[in-house]
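Asker: Mind looking at a prediction? Sequence and model below.
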Amino acid sequence: MSTKASLNYCVDDASGTSAHLYDECLAPADSAVYLELSGVSELSVDVTTHGTNLTVAIPRELAAGLRLIPAHKGKG
């Protein structure tokens, strides 16, 4: 049985990259949410004494589908 509660899910059809933003049902209300990315081609991890920095390149259409950036409006 899954304890994931989906908050948002999006697939970039051109690249096949997908993103799933979810919450854990049994976790406290103030706990973190999770972002799972599949099909990612570029990833950078930098571990420092202050923590870990993770940089992931995702297609613009996927970012727009997640409402992280405005949807692209074609040139007109």
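Answerer: Cool, the structure landed.
Asker: neighbours around L37, how many?
Answerer: Other residues within reach of L37 by the criterion other C-beta atoms under 10 Å amount to 14. For every residue, glycine as well, the C-beta is placed using N, CA and C.
Asker: Extract the C-alpha trace of stretch 12-32 and format it as CSV.
Answerer: Taking C-alpha atoms only, stretch 12-32 is exported to CSV below (Å, rounded to 0.1, in the frame of the first residue of the first chain):
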residue,chain,number,x,y,z
ASP,A,12,7.3,16.3,-21.0
ASP,A,13,6.2,14.3,-24.1
ALA,A,14,9.2,15.5,-26.2
SER,A,15,11.9,14.2,-23.8
GLY,A,16,9.9,11.6,-21.7
THR,A,17,11.1,13.3,-18.5
SER,A,18,8.5,13.2,-15.8
ALA,A,19,8.0,14.9,-12.4
HIS,A,20,6.0,13.8,-9.5
LEU,A,21,5.4,16.1,-6.5
TYR,A,22,3.9,14.3,-3.6
ASP,A,23,3.3,14.2,0.1
GLU,A,24,3.5,11.3,2.5
CYS,A,25,0.1,10.7,3.9
LEU,A,26,1.3,9.5,7.3
ALA,A,27,3.8,12.2,7.9
PRO,A,28,3.1,15.2,10.1
ALA,A,29,1.5,18.2,8.4
ASP,A,30,4.6,20.3,8.6
SER,A,31,6.9,17.7,7.0
ALA,A,32,8.6,18.1,3.7
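Asker: Okay, buried residues for it please.
Answerer: Within stretch 12-32, the residues that count as buried by 16 or more other C-beta atoms under 10 Å are 12, 17-20, 22-23.
Asker: What is the nearest of the residues you listed to K4?
Answerer: Using C-beta to C-beta, Y22 is the member of these that lies nearest K4, at 4.5 Å.
Asker: Give me the phi and psi for the nearest residue to that closest one once chain neighbours are set aside.
Answerer: With sequence-adjacent residues excluded and distances taken as C-beta to C-beta, 6 or more residues apart in numbering, Y22 is closest to K4, at 4.5 Å. Per-residue torsions, K4: phi -80, psi 130 (degrees, to the nearest 10).
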